[in-house]
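Enquirer: Sequence and predicted structure below; questions after.
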Protein chains: 2
Amino acid sequence: MPENIPQERTVVFVSDGTGITAETLGHSVLSQFEGIKFKQIRIPFIDSEVKAISAKQKINDIAIYDGIKPIVFSTLVNPTINEVVHKANGVFMDLFLKFVEPLENELGVKSTHRIGRSHTISDNEQYKNRIEAINFTLAHDDGQTDKDLAGADVILIGVSRSGKTPTSLYLAMQYGIKAANYPLIPEDFERGELPLALPPFKNKIFGLSISPERLSEIRNERRPGSHYASLENCKKEVKAAEFMMRREGIAWLSSTSKSIEEISTTILQQLNLGSPIY
Amino acid sequence: MPENIPQERTVVFVSDGTGITAETLGHSVLSQFEGIKFKQIRIPFIDSEVKAISAKQKINDIAIYDGIKPIVFSTLVNPTINEVVHKANGVFMDLFLKFVEPLENELGVKSTHRIGRSHTISDNEQYKNRIEAINFTLAHDDGQTDKDLAGADVILIGVSRSGKTPTSLYLAMQYGIKAANYPLIPEDFERGELPLALPPFKNKIFGLSISPERLSEIRNERRPGSHYASLENCKKEVKAAEFMMRREGIAWLSSTSKSIEEISTTILQQLNLGSPIY
């Protein structure tokens, strides 16, 4: 082990495609190390030998500049390209060598070594569905229209600013899920019923709630000092919304301390929805 | 190597968090194998020993049902939990063992083994910026408002249906980038100038173009048989838009055969923007 632990270390993500897999992987690994500042550099689209040489040079330059080898997360699959880049002065975390090669033995087939298989539109049908899901979700944001609700995969409900819009967009973007969302508003609570268009689709409704304190904070950023944002009003709305969801037997979760990804994963799990799209 | 190559194989993504890293990694690895149908199962939020035992059981059940061990992509970081799950009858592709442990030696520090470090709101400030970026991007979709353009990180332009909206949303969602977008419309081409609000922000404008054939296809899905969707009109608009972008010295790319991820990565690269957010 080195005697002097550097406070900063450069991390390079190198890929023949977008580099999104390398970054996701790398970030997850690095999140396990605290007290080190990682400076991140992205080198995407390394899909030729010429580009491989330039990537190698870039990594070497970093090693000289930093005085220490950068950590390199690589998802290069072409052996020739990989060989060139691997000559660089870096500490390699290589997805292909660590996982694809062992899997060849297990599956009893050779891998294709084809570049650009992830995050492309290679599966056209799936890609089209995803764009359609995004369009559907945008058109059905915030109860804008009751049209085509039969085509929705999920309908999110919750008080204003409980996280419905970002969650809907994430579900559409990452999983190709058509997600409509409806706000629960004081008029609904007075009537004591779900928004009018929703009862026929109860089996695909999912609720988001939030702590009144956090809700008041978020609303105050938008409309400071308003009745809408007051803690008192937030408490009232949240209580009424949770009461309604319970009474209607609608599954819901609290978004208070959850990320968009955590909320989305929970919804997929509970409604038994969605294969991932990459 | 097995003598009979199975045509189908179950893949399990197991994680103490959302499982998004495991899925991204796994999908990238599996995309290298053709001719095998992978059935995917997600087991997220395995953050206790009780849940670990149930995950182990699930994997064992699959092995019995399939008559062959499933492939298990795991991002479990807690040693106790990991030990329980690893006793299951699966072929393990373990992120932690393959990358985190070697990195401990390289960095000279022990990893934290803390669960739920990725895809959470552990970095509150960054998470807040991301939600703000999504709100900004939604408010500035399709030239809806000229307000606060100074606050935009990037402004996308292009003819209607060239891919601006999904790209803007992806940039906001994944990278916390405030992305406005403006359509280039026939009126702009007649005036021979960019939309009125844009000239002061030329350094952060990026253009999307598209082949007239593909554009006509997309527009025909929305408004079949219209002048708007006709190949002739699409040719005219695309030509005028590309001419304008060239004349104004605006960097642009063709979205025709590119995924949202590829377009976004190229924009980040060209405008030198954005650290990734997970």
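Expert: Received, thanks. These numbers come from a predicted model, not from an experiment.
Enquirer: where exactly do the strands run in the stretch 151-278 of chain A?
Expert: Listed in chain order, the strands of the stretch 151-278 of chain A (DSSP state E, counting those that start in this stretch) span A:154-159, A:179-184, A:205-209, A:252-254.
Enquirer: could you give me the average pLDDT of the shortest one?
Expert: This means strand A:252-254. For strand A:252-254, mean pLDDT rounds to 97.
Enquirer: Next: the second one.
Expert: Mean pLDDT, taken over the full extent of strand A:179-184, equals 98.
Enquirer: and the strands of the stretch 151-278 of chain A as CSV, adding distance to residue B:155?
Expert: Using the backbone N, CA and C atoms, a C-beta is placed for each residue, glycine as well. CSV is the format used below for these (distance: least, CB to CB, whole Å):
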stretch, distance to residue B:155
strand A:154-159, 30
strand A:179-184, 27
strand A:205-209, 31
strand A:252-254, 36
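Enquirer: Can I get these in a markdown table including distance to chain B and mean neighbour count?
Expert: As requested, those are arranged in a markdown table below (distance: least, CB to the nearest CB, whole Å; neighbours: other CB atoms under 10 Å in any protein chain shown):
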| stretch | distance to chain B | mean neighbour count |
| --- | --- | --- |
| strand A:154-159 | 15 | 27 |
| strand A:179-184 | 12 | 26 |
| strand A:205-209 | 14 | 23 |
| strand A:252-254 | 12 | 19 |
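Enquirer: Of all those strands, which one is nearest residue B:196?
Expert: In terms of CB to CB, the element of the strands of the stretch 151-278 of chain A nearest to residue B:196 is strand A:179-184, at 33.2 Å.
Enquirer: Low-confidence regions, the stretch 151-278 of chain A specifically.
Expert: The stretch 151-278 of chain A contains residues with pLDDT under 70 at A:274-278.
Enquirer: So which bits of the stretch 51-200 of chain A are right by chain B?
Expert: A:71, A:75, A:77, A:91, A:93, A:95-96, A:98-100, A:102-103, A:105-109, A:111-114, A:117-121, A:127, A:131, A:134, A:138, A:141, A:165-166, A:169-170, A:173 (CB under 8 Å from any CB of the partner chain).
Enquirer: which among those residues end up buried?
Expert: A:71, A:75, A:77, A:91, A:93, A:95-96, A:98-100, A:103, A:107, A:109, A:111, A:113, A:117-121, A:127, A:131, A:134, A:138, A:141, A:165-166, A:169-170, A:173 (16 or more other CB atoms under 10 Å in any protein chain shown).
Enquirer: now the strands: where do they sit in the stretch 1-150 of chain A?
Expert: Using DSSP E, counting those that start in this stretch, strands in the stretch 1-150 of chain A cover A:8-14, A:37-43, A:71-74, A:91-94.
Enquirer: The last one - contacts with which helices or strands?
Expert: Contact partners of strand A:91-94 among helices and strands, from 3 or more CB pairs under 8 Å, 6 or more residues apart in numbering or on different chains; DSSP states H and E: helix A:20-30, strand A:71-74, helix A:79-86, helix B:101-107.
Enquirer: Which residues outside the longest one are in contact with it?
Expert: With CB atoms under 8 Å, 6 or more residues apart in numbering or on different chains as the test, helix A:20-30 has contacts from A:11, A:13-15, A:38, A:40, A:42, A:71, A:73-75, A:93, A:95, A:118-119, A:278, B:20-21, B:24-25, B:27-28, B:75, B:95, B:99-100, B:103, B:117-118, B:261, B:265, B:276, B:278.
Enquirer: Not counting sequence-adjacent ones, nearest residue to residue A:46?
Expert: residue A:55 (4.9 Å; CB to CB, 6 or more residues apart in numbering or on different chains).
Enquirer: Residue ranges of each domain in chain A, please.
Expert: A:8-107, A:124-271 (automatic domain parsing).
Enquirer: Could you export those as a markdown table, including distance to residue B:210?
Expert: What follows is the domains of chain A, written out as a markdown table (distance: least, CB to CB, whole Å):
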| stretch | distance to residue B:210 |
| --- | --- |
| domain A:8-107 | 19 |
| domain A:124-271 | 13 |
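Enquirer: can you tell me which residues contact residue A:187?
Expert: Per CB under 8 Å, 6+ apart, neighbours of residue A:187: none.
Enquirer: State the distance from the nearest residue to residue A:188 once chain neighbours are set aside to residue A:183.
Expert: Closest residue to residue A:188 apart from its sequence neighbours, by CB to CB, 6+ apart: residue A:195 at 5.9 Å. Taking CB to CB, to the nearest Å as the measure, residue A:195 falls 8 Å from residue A:183.
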